[in-house]
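Colleague: Sequence first, then the predicted structure:
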Amino acid sequence: MKKKLSFLAFLTMSVLAGTSVLGSGFAILEQSPRGLGASFAGMAAKTDDPGSLYYNPAISAWFKESQVMLGVHIIRSNATFSNDYSTNYDGSLIQGDNGGNAGGYSLIPNSYMIFPFADDFAFGLGITATSGTATSWGPTWIGRYQAIKTAASTIDVSPSLSWKVAENFSFGVGLDIQYMEQEKINAVDGYQALYHTLYQQIAALNPGWSAVQVDAAATATIQTYLPGSAAGTGDYDTIVEINEESWAVGWNVGLLYEPVEGTRIGLSYRSRISHSPEGDAEMDTANSMLASLYQAYNVLVDTDTESDMDLPPMIALGLYQRLNERWALLVDVEHTMWSSIDTVTTIFDSSQPDHVTRFDWEDTWRFALGFEWYYSEDFTFRFGGAYDQSPCKEDDLRTPRMPDTNRYWASLGLTYKFSENLELDLAYMHLFMDKGNANYEDENTHQTLSGTYVGSADLLSFGVVWKY
């Protein structure tokens, strides 16, 4: 029942297949090449960048003419893992390598349009990626039973309306119409899967037996099927590929206030959006005998699936402060309520047990500071930095699908006024990430993935703003 992408999704996702996460959790903050030059500081209060619409729907009414922004971000990310005695459910060591570099190259496009109408009203429209993740580990790595490939992306179509209530105050409201697609690939240890299936069957048939007796019987039985085998060796792995998609709707609201000339304060809120992606799971079992046993028990067979995935609410506060004719200060504070995400569960239509990924994430803060230098009528330069907290606070929750850590931004950029109607933007950002210690206890396999993640990223952004 693998579904085809809609025409809209095809257009917007055709260059998004390798989306990388560059905000905390799996948020994508890269909504504007112009804003990236200052690490997205003050975006909720900016009135010269259509990309600010993502951060505050109230900004549209401050634009005097229609504008269209088209942007693309080129990302090179790096993510590596160093193993430190990862173990199976029975305490034995998992066999495998460190998985190589799970990062790579990807593109994030976005576009925004602002259309003033009447005297104090404006319509805004954004089509962009707002969340996503992509990691791809080697098929024989230590953590293959938790994740080999994870590719999730969300396309957001956001129409909004802004009203300039007074000369120095505006209000905006919008919808977030989202399409989500996700692909998850991991291995299942055939020895462990068969052992637990036999264990449950033997325990059900012999209710008076102790756990030791059931274990001995299950181990002896599995050796008749897989002589000389052991858990975590990879000899009898099954590859599981899950593809799912969904649509969901949220909303956003914002305010923009100018208490004195040259000072603007923006405040916005984006709602929680709850997705229920549906799709299918395909199983690739190379061992024909195991495949027959799985068919008999109705586990690890091709089946339909359904998952849950919530995107958290977010509050953004932005300040734009003109210092003098040449310089402006930009400040940004964002609060993302990641605590709304507890677990993500995939339900199989077969007898396969539900797959549960426990996050138990905590709310985060992001702080950004930037400057704009109005060098001349044609050139504007900007630079900035940011500190972005990770929602993952515990080592035993750092899943290889999203090995998130605190990150630090450093960026610079420029705008060139090509003509009265056309402006070009260029920006570069480097992302530093803390080392992430992991002692991930998988509730599904009862394995423990222990080690250290190290990551970084470079991003180059191009954009064009057309006024008419």
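Modeller: Looks like it arrived, so ask away.

Colleague: For the rest of this, base every contact and every neighbour count on C-alpha atoms.
Modeller: OK.

Colleague: Number of residues surrounding the residue nearest to Glu181 when sequence neighbours are not counted?
Modeller: Excluding its sequence neighbours, the residue lying closest to Glu181 (CA to CA, 6 or more residues apart in numbering) is Glu245, at 4.3 Å. For Glu245, the count of nearby residues is 24 (other CA atoms under 10 Å).

Colleague: Show me how far stretch 282-299 is from its chain's centre.
Modeller: 32 Å (CA atoms, centre = their mean, to the nearest Å).

Colleague: for the stretch 101-250 of the chain, what are the low-confidence residue spans?
Modeller: 130-133 (pLDDT under 70).

Colleague: Show me where it has its strands.
Modeller: Ranges of strands in the stretch 101-250 of the chain, per DSSP state E, counting those that start in this stretch, are 104-117, 121-136, 149-166, 169-188, 238-260.

Colleague: now do the stretch 301-450 of the chain
Modeller: Going by DSSP E, counting those that start in this stretch, the stretch 301-450 of the chain shows strands at 303-307, 309-311, 314-322, 327-336, 343-348, 355-358, 364-373, 379-388, 407-417, 422-433, 436-441, 448-467.

Colleague: Between those, which one is closest to Gly37.
Modeller: strand 407-417 (4.1 Å; CA to CA).

Colleague: counting contacts, what elements does the closest one pack onto?
Modeller: helix 33-36, strand 379-388, strand 422-433 (3 or more CA pairs under 8 Å, 6 or more residues apart in numbering; DSSP states H and E).

Colleague: now the ones you listed in JSON lines, with distance to Trp141, mean pLDDT and mean neighbour count?
Modeller: Putting the helices and strands packed on strand 407-417 into JSON lines (distance: least, CA to CA, whole Å; pLDDT from 0 to 100; neighbours: other CA atoms under 10 Å) gives the following:
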{"stretch": "helix 33-36", "distance to Trp141": "35", "mean pLDDT": "94", "mean neighbour count": "32"}
{"stretch": "strand 379-388", "distance to Trp141": "29", "mean pLDDT": "97", "mean neighbour count": "22"}
{"stretch": "strand 422-433", "distance to Trp141": "22", "mean pLDDT": "96", "mean neighbour count": "21"}
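
Colleague: Let's have the ones you listed in CSV, adding distance to Gly228.
Modeller: Output for the helices and strands packed on strand 407-417, formatted as CSV (distance: least, CA to CA, whole Å):
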stretch, distance to Gly228
helix 33-36, 56
strand 379-388, 49
strand 422-433, 43
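
Colleague: Figure out which of those is closest to Gln201.
Modeller: Gln201 sits nearest to strand 422-433 of all those, at 46.4 Å, using CA to CA.

Colleague: And Ser288, how far from Tyr375?
Modeller: Distance, Ser288 to Tyr375, using CA to CA, to the nearest Å: 70 Å.

Colleague: before we move on, the earlier item: for the residue nearest to Glu181, give the beta-bridge partners.
Modeller: Under the criterion DSSP bridges, Glu245 forms beta bridges with Glu181, Glu278.

Colleague: Gln352 is nearest to which of the helices and strands packed on strand 407-417?
Modeller: Evaluated with CA to CA, these place strand 422-433 nearest to Gln352, the distance being 36.9 Å.

Colleague: re the thing from before, neighbour-wise, which of Ser288 and Tyr375 wins?
Modeller: With neighbours defined as other CA under 10 Å, Ser288 and Tyr375 compare such that Tyr375 has more, 12 against 9.

Colleague: just to revisit the earlier point, quick check: which of the strands of the stretch 101-250 of the chain has the most neighbours on average?
Modeller: strand 121-136 (a mean of 24; mean count of other CA atoms under 10 Å).

Colleague: Dump it to CSV, restricted to CA.
Modeller: Extracted C-alpha coordinates of strand 121-136, given in CSV (Å, rounded to 0.1, in the frame of the first residue of the first chain):
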residue,chain,number,x,y,z
PHE,A,121,-3.8,44.4,5.3
ALA,A,122,-1.5,41.9,3.7
PHE,A,123,-1.6,38.3,2.7
GLY,A,124,1.4,36.0,3.2
LEU,A,125,2.2,32.5,1.9
GLY,A,126,5.1,30.3,2.7
ILE,A,127,6.0,26.9,1.3
THR,A,128,8.9,25.4,3.1
ALA,A,129,10.4,22.5,5.1
THR,A,130,9.8,23.0,8.8
SER,A,131,11.1,19.8,10.3
GLY,A,132,13.0,16.7,9.3
THR,A,133,15.9,14.4,9.9
ALA,A,134,18.2,12.3,7.8
THR,A,135,20.9,9.9,9.1
SER,A,136,22.3,6.9,7.2
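
Colleague: Tell me what angle that strand forms with strand 169-188.
Modeller: Counting by axes from the mean of the first three to the mean of the last three CA atoms, to 10 degrees, strand 121-136 points 20 degrees away from the direction of strand 169-188.

Colleague: Who are the packing partners of strand 121-136?
Modeller: With contacts taken as 3+ CA pairs under 8 Å, 6+ apart, strand 121-136 sits against strand 104-117, strand 149-166.

Colleague: Many thanks, I have nothing further to ask.
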